[in-house]
Structures are given as structure tokens and as C-alpha cells.
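please find the sequence and the predicted model below.
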There are 2 protein chains.
Amino acid sequence: MLEILYLDREALVSAGLLDFGKAVEDVESVLKMLAAGEVVMPPKVAIELFFDDGSPKGHLVAMPAYVKPLGVAGVKWAAGFFRNPERGLPHGLDVIVLSDPETGRPLAVMEGALVTAVRTGAVAAVGAKYLAPDGAEVTALIGAGVVGRAAAHALRAALPGLAELRVYDLKREKAEAVAREVGGRVAGSLEEAVRGSDIVVTATTSHSQFVKLGWLKRDCLCVEIGKNELEDAVILRADRVVVDYWEQVKSREWVSLARLWRQGLLPESRVEEIAPIVSRGRLGGGGLRVFSPIGMACEDIVVANRLYREAEKRSLGVRLPLWRATDWL
Amino acid sequence: MLEILYLDREALVSAGLLDFGKAVEDVESVLKMLAAGEVVMPPKVAIELFFDDGSPKGHLVAMPAYVKPLGVAGVKWAAGFFRNPERGLPHGLDVIVLSDPETGRPLAVMEGALVTAVRTGAVAAVGAKYLAPDGAEVTALIGAGVVGRAAAHALRAALPGLAELRVYDLKREKAEAVAREVGGRVAGSLEEAVRGSDIVVTATTSHSQFVKLGWLKRDCLCVEIGKNELEDAVILRADRVVVDYWEQVKSREWVSLARLWRQGLLPESRVEEIAPIVSRGRLGGGGLRVFSPIGMACEDIVVANRLYREAEKRSLGVRLPLWRATDWL
């Protein structure tokens, strides 16, 4: 008999999934490992799906990584489907499998959508921690869905000096819920939220490039989780353009940065990666900065691995046989 | 609440995993779909692992595919670790996740190692069915491990005209068990098994290129499952060299065909793929032929999908919640 551990969302929460301080630590530590060459992470592979009229339906993405210092490897099988919310399903649906890198033995299978939201929020917060202009006090969060909500918690965990958190969402009640939960205030409009903020975090599925350069302070960090939320001028005028995995960003056609690069407007030499910055320490000073992470498998694996180890320790989850007796070995 | 179905090996067997006739049909049908452009299958992504001395430890491979006519997508997360048998673990350990291509919703998670063995055996048998020389009657099977055993069953299912099946394994008792199970006979030596055979199927983890050109009949098909079992002369002198997915074969450094291609000895123009051949119909005639499949995700997905549908119909397996009540949606 060979067993794996199955962790549903409840088991993951019991194991500490909503501990955003830990998620921020996880992401910081794995970025340092990445910078040190201790992570093996081939580019993700995507299957793009389309409606009959050729418009995008969604994508399924396989994201493998091996994090050497943690002794764990794994894959996230991630789905993002644009019209799911109309059907009462979340936009993102994910499964994560962890494996022992010594034997390849699968160790755990788990619900991955909330892990994804939490680590994505943590990545935004780590970006804010290392890239925000000196003395940043005011943050705008645009988009109060699952990922925005996670980002709000992670920002609170990562930036103790944050004086004001403004939350905006097209659905006001969502903004209100998140503002209440993290001690923020609801902004009356997008522009009101953004103007005067030191950090602007966008966590939407919009492709409408709604953040205008004219609204931004001279010293400001924009964290673009949704990949098409900043107008081109913001990216083109930024003093620093930071991504997580440039080869990966480049290969996704629908991402603003990739388009600007293909159009010859954003030279590759202007783009830097977050891992070496986290490794060296906070970027001081000010100016206009953009952080546009595409998301990396190692971030999922590091969080998933912590939860798996904790679940093992505390006997959470369900042990399932891969097989019992078998003569096919 | 959102649920997935978990299928362990016992549930898969109850759902028909060991029905080799069906597996052969599955593989034939998905190869026709592939030839018709109805399968989306990006190259697999591999993480290669090494011991401290630089020798290969194993690999973890993410293999996604979307099979349009079946309305299913999925990924296999496949491990192959060379020294596992010394530890009492199988060389291959796999997990398969199936997803709904309309919403990305994960449908099922299942044990994948036996699915892999069965589909790999079925691929070998489909190769034999479409590529064997006219009037082939005698088959040698070298390697009576899990994959060889599956190949023996699949050959019996795919080739009703097969008069003689010779089985050879370094461990004689393994050869005896398989020979008994499929009505074959144990060969006294490697050479004895191969000489005079119309079809030679090698299903080993050996890299020693043990099949010699001098042993082969003029009209003979070699099916090389292990990727390094034929001496170079066999490949270089073959009248037809057939693979499953050339781009994929090319990218795996340790595969004989890829090495010969890199060395400039095997021109790309000599390599053809199996899917169009299956689509057109059996290749008549004779001569020396080599079929060297690397394995494709769509083959796993087609078999896994049949088992999943059958398990759903018959209420096999365990339904697991991804989440129950959650306010993180």
C-alpha cells in the first residue's frame, strides 16, 4: 500500500493557509532561493481554450517546480476561465500535487485555488515591501475579489507602517467587506482611490488599463496583478519595471508588458526581476515603479509544502491509498 | 461545495483499467484525433534530478493535453526514478488530474502509474498492429516488468494472429509469470528471443542498446519502449523510423534517436510520426522498421477519461470536497 494525503480547503485553513504573515515569509524565502539558483522551475505550459467565435474561454496551465532547500517538488494544475463567475464558479480553479524529489513519490494532493489567491496576495505584498517608495503610507487596492482580499491581508502583514488602505471594487459591498476585515476604508471611485496613494495594487480580471498615469503621485509603486490594468504610459514612464519571471511574462501574448516588448516600446534591458531585489534588500528611494508578476510555481509549492508538513504533524486531511494490494508492481 | 472524484488503483481496475482491448481502442482513437488536429498538447515539461555526483536520479514531468472530441483536458504528473526498485518503490509513480475544458473545473484525481503502464503497452501494440511486416507471427518481448506485462496483454488484444510470444527478462521468474499469463513461452536468452522474431518489443530501463542488428530478420519491426535498447545500427539501417511526437523525442537528450539526430546521423526527413499512419491505415509490406514512442499525454488522458466516466456511472471511487462552505469565493 502506498498512500497520499488529500487536503481540502478546510484542512488547508486548519493547517494555517490564512496565516498571511507566514505566506509573506514563504514567498520571501522562496524568492531568495530562486535568486540563489536553488529552484528548478521550467516555464509553465499553457493550453489556451476558445469559444467558437474565437474569443478566449480560459486556460489550463501546468506549473512544475522543484525547491531544493525544502526537499520538495510539485506541480500546480491551474485553470482560469473568464465566464465562470456567471455560472457560479470561481474564475480560478486549481489542484496542487506535491512529490518527494528523492523518489518521485506523490505526497499530497490539495485544493489549489485558495493557495493561489493567498500566495498571489503575498507576492503583491512582498513586492510592496521591497519596492514601495520610502515612507509609503497610503495604499489603494483595486479589486476586492478573492485575490484582492488576500492581497489586503498580506499587505497588512508585510507593511506594519501602512496608515491607510483604500479599497475599491465595482461591487461596493465587496469593497466594504474587505475594508471591514482589514481595517481599510471604501473609496468612492477608482480615481479617488488611486490619487494620492503611495502604492496601488490592482487585482482584477479587467483588460481595460484603467489606472491612468495622470492620477499617480511622482513617487508611487503600481503592483499589477491582473496584467492589463495599467495604461501603457504608466509602464513606459516608470523608473523601474519589475517582473517575477521575464521569460514567462514574454511568452504570454495577452500581457501588457509582453505586448509593449513585442512592439519594441519596452526594451528588455529595462525589465528586472524581483528575486535578486528581495535577495539584496529593499529598494530605497522613490520614483514611479511598476511590479507586474505573472505568478510562479515555486510560490505555490512553498506555501503548499508548509501546509502539507503542518497537516502531517497534526493529522489533518484524508489519507488515501494510491493502491492497496497490487500484483502490478 | 465542489467535489472531485478520487480513484485509486483498485477503483480503476474495477472501472476496466485492465481491459487491454479497450486501451488499444482508446490509443488508436486518440491518435486519429491527434492526426485530425483535434488534440491540443504542448510539449511536456521535465524537471531532471541528479545525485550529488551528477549522475541522473530521475525526472518529474508535467504532461498536459486537451482532447477536444472527448470534452476533457488533463495533466499527468509523472515521476521516473532509476533507483526506486532498490527501495521497494516502482520506477514510475504518477498522478493524473482530469478537468472540464468548459470551466476548468477539476473532475478527478487518480493513481496514474498503472494507467501509464497500460497505455504504454497499448501504444506498443498499436505500433505493432500498424507497422508490423505482413504476415508477422512471432513476437519477442524483452522485459517483463509492469510495462512489459502490459505490452504482452495489449499485443494479445491487438494482434489476434500472433502465433508465438517469446518472453525474456533478466529475472527468469518474471518472464515465466508473464508468459504464463498471456500464453507465451520463456526464451532462454536475449538472442534466442530476438532471432527469428517478426516483432521485437523492448520494455526495459536499460541503456545498453542490447538489440543487435545481426540478430534481426530482414522483415522486422522493433518497438523500443525504453528509448536506448536498440543498437545504433538498427535505427540507422531501418527502412522506416517512426516516433509518436518528434519535437518531444528531439528534446530529450538521453534518447538514442535524439542523440543520432544531434550527431547528424539521423536526418529529420527520415523520421515520421505514428498518428498519420494510424489515420491512413496499416503500413503493408516489410523491411526493417523501428517504432520508438516517447509517450504522449493524450494517451493517458483518453484512458483516464474512459475510466473516470465509467467510475461515475458505477459510483466507483471516493468523492472528495474541494471545499465545503467557504467565504473565500
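Yep, it's here.

what's the burial count for the closest residue to A:T120 other than its chain neighbours?
Leaving aside its chain neighbours, A:T120 sits nearest to A:V147 (5.1 Å; criterion: CB to CB, 6 or more residues apart in numbering or on different chains). Where you see a C-beta, it was placed from the backbone N, CA and C, and this is true even at glycine. For A:V147, the tally of surrounding residues (other CB atoms under 10 Å in any protein chain shown) stands at 24.

where does A:V147 land on pLDDT?
On pLDDT, A:V147 comes in at 96.

how close does it sit to chain B?
Plainly put, A:V147 is 10 Å away from chain B if you go by CB to the nearest CB, to the nearest Å.

ok, now which ones touch that residue?
A:A117, A:T120, A:G121, A:A203, A:I225 (CB atoms under 8 Å, 6 or more residues apart in numbering or on different chains).

after the host helix or strand of it comes which helix or strand?
Per DSSP states H and E: A:V147 is located in helix A:146-158. Counting by DSSP H and E, the next helix or strand C-terminal to helix A:146-158 is strand A:164-168.

what strands line up against that following strand, and which way round?
strand A:138-142 (parallel), strand A:185-186 (parallel) (DSSP bridges).

returning to what we had before: which of the contacts of A:V147 sits closest to chain B?
Of all those, chain B sits closest to A:A117, with 6.9 Å by CB to the nearest CB.

the closest one should be in a strand, yeah?
No - according to DSSP: H, G, I helix; E, B strand; the rest coil, A:A117 belongs to no strand; its state is helix.

burial of it, as a residue count?
When neighbours are defined as other CB under 10 Å, A:A117 has 25 of them.

tell me the contacts of it?
A:A117 neighbours (CB under 8 Å, 6+ apart): A:G92, A:V146, A:V147, A:R149, A:A150, B:W328.

let's see that with 6 Å instead.
A:V146, A:V147, A:A150 (CB atoms under 6 Å, 6 or more residues apart in numbering or on different chains).

partners of A:L165 in the sheet?
According to DSSP bridges, the partner residues bridging A:L165 are A:T139.

please report the distance of it from chain B.
Counting by CB to the nearest CB, the gap from A:L165 to chain B is 19 Å.

ok, A:R185 next?
Relative to chain B, A:R185 is positioned 21 Å away (CB to the nearest CB).

now do the SS call for the residue of the stretch 101-250 of chain A found nearest chain B.
Residue nearest to chain B within the stretch 101-250 of chain A: A:G104 (2.4 Å; CB to the nearest CB). When classified by three-state DSSP, A:G104 comes out as coil.

likewise A:W328?
Counting by three-state DSSP, the backbone at A:W328 sits in coil.

grab the most central residue of chain A for me.
Centroid-nearest residue in chain A: A:T120, 2.0 Å away (criterion: CA atoms, centre = their mean).

show me chain A divided up by domain.
As given by automatic domain parsing, the domain ranges for chain A are A:2-115+A:298-323, A:123-296.

in a markdown table: these, plus distance to B:G16.
Formatted as a markdown table, the domains of chain A follow (distance: least, CB to CB, whole Å):
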| stretch | distance to B:G16 |
| --- | --- |
| domain A:2-115+A:298-323 | 16 |
| domain A:123-296 | 38 |
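
which element is A:L265 on?
Counting by DSSP H and E, there is no helix or strand that carries A:L265.

that one and A:Y168: what is the separation?
28 Å (CB to CB, to the nearest Å).

who has more neighbours out of these two?
Neighbour count, other CB under 10 Å: between A:L265 and A:Y168, A:Y168 has more, with 26 against 11.

quick one: contacts for that one?
A:Y168 neighbours (CB under 6 Å, 6+ apart): A:I142, A:A175, A:A187, A:L190, A:A193.

hmm, back to that, how distant is the helix holding A:V147 from the center of its chain?
Distance of helix A:146-158 from the chain centroid (CA atoms, centre = their mean, to the nearest Å) equals 10 Å.

now the strands for the stretch 201-329 of chain A?
For the stretch 201-329 of chain A, applying DSSP state E, counting those that start in this stretch gives strands covering A:220-224, A:240-243, A:271-273, A:288-291, A:318-323.

mind checking which of those is nearest B:G37?
B:G37 lies closest, by CB to CB, to one member of the strands of the stretch 201-329 of chain A: strand A:240-243, at 33.8 Å.

for the closest one, buried residues please.
A:R240, A:V241, A:V242, A:V243 (16 or more other CB atoms under 10 Å in any protein chain shown).

before we move on, what about stretch A:260-272?
Of all the residues in stretch A:260-272, those buried under the rule 16+ other CB under 10 Å are A:L260, A:W261, A:L266, A:V271.

which residues does the residue in the stretch 201-329 of chain A that chain B sits nearest to bridge with?
The stretch 201-329 of chain A approaches chain B most closely through A:W323 (3.6 Å), counting by CB to the nearest CB. Taking DSSP bridges, one obtains A:L2 as the residues bridged to A:W323.

rewinding a little: please identify the most buried of the strands paired with strand A:164-168.
Greatest average neighbour count among the strands paired with strand A:164-168 goes to strand A:138-142 (a mean of 26), per mean count of other CB atoms under 10 Å in any protein chain shown.

which parts of the stretch 101-250 of chain A sit against chain B?
Proximity of the stretch 101-250 of chain A to chain B, by CB under 6 Å from any CB of the partner chain, involves residues A:P101, A:T103, A:G104, A:R105, A:P106, A:V109, A:E111, A:L114, A:V146.

kindly recompute the last result at 10 Å.
Contact residues (CB under 10 Å from any CB of the partner chain) of the stretch 101-250 of chain A with chain B: A:101-106, A:109-114, A:117-118, A:145-146, A:149-150, A:177.

list only buried entries from the residues you listed.
Among those, those buried by neighbour count (16+ other CB under 10 Å) are A:101-106, A:109-114, A:117-118, A:145-146, A:149-150, A:177.

burial of the closest residue to A:D198 other than its chain neighbours, as a residue count?
Sequence neighbours aside, A:A136 is the residue nearest to A:D198 in space, at 3.6 Å (criterion: CB to CB, 6+ apart). Neighbours of A:A136 under the rule other CB under 10 Å: 22.

repeat that for A:M1.
A:M1: 9 neighbours (other CB under 10 Å).

ok, the closest residue to A:L213 other than its chain neighbours - how many residues close by?
Taking CB to CB, 6+ apart, and ignoring the residues beside it in sequence, A:L213 has A:A233 as its nearest neighbour in space, at 4.2 Å. Using other CB under 10 Å, A:A233 is surrounded by 14 other residues.

check contacts around A:A233.
By CB atoms under 10 Å, 6 or more residues apart in numbering or on different chains, A:A233 lies in contact with A:Q209, A:V211, A:K212, A:L213, A:G214, A:L216.

hang on, isn't A:K22 packed against A:V303?
Yes - between A:K22 and A:V303 there is a contact under CB atoms under 10 Å: 8.3 Å.

neighbour count winner among those two?
Neighbours were counted for A:K22 and for A:V303 using other CB under 10 Å; A:V303 has more, 26 against 18.

tell me the contacts of that one?
Residues near A:V303 by CB under 10 Å, 6+ apart: A:12, A:16-17, A:22-23, A:26-27, A:30, A:96, A:112, A:114-116, A:118-119, A:122.

pLDDT of stretch A:255-273, averaged?
Stretch A:255-273 comes out at a mean pLDDT of 96.

what's the spacing between it and its chain's center?
Taking CA atoms, centre = their mean, one finds the center of stretch A:255-273 at 20 Å from the center of the full chain.

one more: stretch A:243-259?
Centroid separation for stretch A:243-259 versus its chain: 15 Å, with CA atoms, centre = their mean.

what of stretch A:185-197?
Distance of stretch A:185-197 from its chain centroid, counting by CA atoms, centre = their mean, is 23 Å.

again, but for stretch A:136-152
Centroid separation for stretch A:136-152 versus its chain: 12 Å, with CA atoms, centre = their mean.

now do stretch A:34-46
Chain-centre distance of stretch A:34-46: 15 Å, with CA atoms, centre = their mean.

one more: stretch A:203-221?
Chain-centre distance of stretch A:203-221: 18 Å, with CA atoms, centre = their mean.
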